[in-house]
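Undergrad: Okay, structure incoming, though there's no sequence with it:
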């Protein structure tokens with residue numbers, strides 16, 4: 001089993017908003033507290049699920065401070081600081097360190113399509129900005145550029161680059177990196193968590209974990225204990241809800257709608273260009289929550 005610099009079960013936390021689209025700091029603090037009580041080791045704020053593309057730097061800072069205060073040292077809080085502007089990412093990293101973050105999530109620079117050398121230089125520049133440990137976010141479906149295996153191996157030599165959130169889904173490449181470095185691999189695809197754990201991964205940074213934190217914690221515990229049958233059973237029980245949340249609309253939209261149905265956030269509001277779940281999508285989520293025994 002890989003080491004776990006940030007624990008095993010983390011959620012890429014949604015950013016609760018009021019009906020008019022303002023960041024709801026009180027709801028964010030309450031959600032963070034609820035997640036930690038439901039099998040979580042830590043949280044990630046201002047990732048994609050946290051609507052980082054449409055929140056301001058000031059909102060990101062206030063949100064991070066609210067979550068750090070709510071968590072109160074009970075687990076690590078990572079701040080998403082990745083952008084396609086290295087200087088801006090460095091600025092966000094410094095602000096996150098000042099706000100009390102325990103680590104940084106750094107995505108491959110989207111839209112700019114840098115070379116692998118440029119990608120490495122970008123990450124190293126951000127990692128050298130603070131003393132905080134860094135989790136890389138490899139999600140080429142959103143960033144257009146993936147971290148090549150050789151790039152990950154080189155970045156794994158940096159003393160503060162300690163983990164990867166892998167949403168690339170290439171298990172063979174992940175195995176090569178885990179075999180050739182000390183990087184801890186976290187599944188960035190909820191439905192592939194068992195596969196990553198079986199290969200020696202550290203855990204998951206999930207979205208459906210908003211709803212199934214304890215279930216994912218049981219899955220991790222079963223793998224750690226060598227109990228494959230229990231791990232497979234937990235995986236299969238979670239899959240219908242994972243599919244409902246992640247497979248039919250953007251995860252940030254679906255999980256916020258699901259949390260609203262459960263009374264855990266005051267509004268399902270998201271910011272444009274995203275739209276909230278429509279009536280049919282909400283009904284589908286309601287049925288999935290009922291089937292999962294959550295509603």
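TA: Happy to help now that I have it. All figures in this text were calculated on a predicted structure; none of them were measured in a lab.
Undergrad: immediately after the lowest-mean-pLDDT helix or strand in the chain, which helix or strand?
TA: Within the chain, no helix or strand scores below helix 140-143, which has a mean of 92 by mean pLDDT, DSSP states H and E. Downstream of helix 140-143, the first helix or strand assigned by DSSP states H and E is helix 149-155.
Undergrad: can you list the residues that contact that following helix?
TA: Contacts with helix 149-155, where a contact means CB atoms under 8 Å, 6 or more residues apart in numbering, come from 116, 119-120, 123-124, 136, 138, 147, 161, 164, 173, 176-177, 180-181, 183. Using the backbone N, CA and C atoms, a C-beta is placed for each residue, glycine as well.
Undergrad: Can you check my assumption that residue 186 lies in a strand?
TA: Yes. Assignment of residue 186 by DSSP: H, G, I helix; E, B strand; the rest coil places it within a strand.
Undergrad: I figured it hits residue 162, correct?
TA: No. Under the criterion of CB atoms under 8 Å, residue 186 is not in contact with residue 162, lying 10.8 Å apart.
Undergrad: can you list residues touching both of the two?
TA: By CB under 8 Å, 6+ apart, the residues touching both residue 186 and residue 162 are residue 135.
Undergrad: Check the offset of the helix or strand hosting residue 28 from the chain's centre.
TA: Per DSSP H and E: residue 28 is located in helix 25-36. Chain-centre distance of helix 25-36: 16 Å, with CA atoms, centre = their mean, to the nearest Å.
Undergrad: Start from the N-terminal end of this protein and give the strands.
TA: For the chain, strands defined by DSSP state E occupy the ranges 9-12, 42-45, 77-80, 103-107, 134-138, 161-166, 184-187, 203-206.
Undergrad: neighbouring contacts of the first one?
TA: In other words, strand 9-12. 35, 39-44, 47-50, 76, 78, 186, 203-207, 209-210, 213, 216-217, 220.
Undergrad: Now find how far off-centre that strand is within its chain.
TA: On the basis of CA atoms, centre = their mean, strand 9-12 sits 5 Å off its chain's mean C-alpha point.
Undergrad: Name the strands paired with it and say parallel or antiparallel.
TA: Using DSSP bridges, strand 9-12 pairs in its sheet with strand 42-45 (parallel), strand 203-206 (parallel).
Undergrad: Excluding its own residues, what touches the first one? List them.
TA: Strand 42-45 has contacts (CB under 8 Å, 6+ apart) with 6-7, 10-13, 15, 28, 32, 35-36, 50, 60, 63-64, 67, 71, 75-80, 102, 105, 205.
Undergrad: Then the last one?
TA: For strand 203-206, contacts defined as CB under 8 Å, 6+ apart pick out 4, 7-12, 41, 44, 47, 135, 165, 186-188, 190, 193, 196-197, 216, 220.
Undergrad: can you do 6 Å?
TA: Here strand 203-206 makes contact (CB atoms under 6 Å, 6 or more residues apart in numbering) with 8-12, 44, 165, 186-188, 190, 193, 216, 220.
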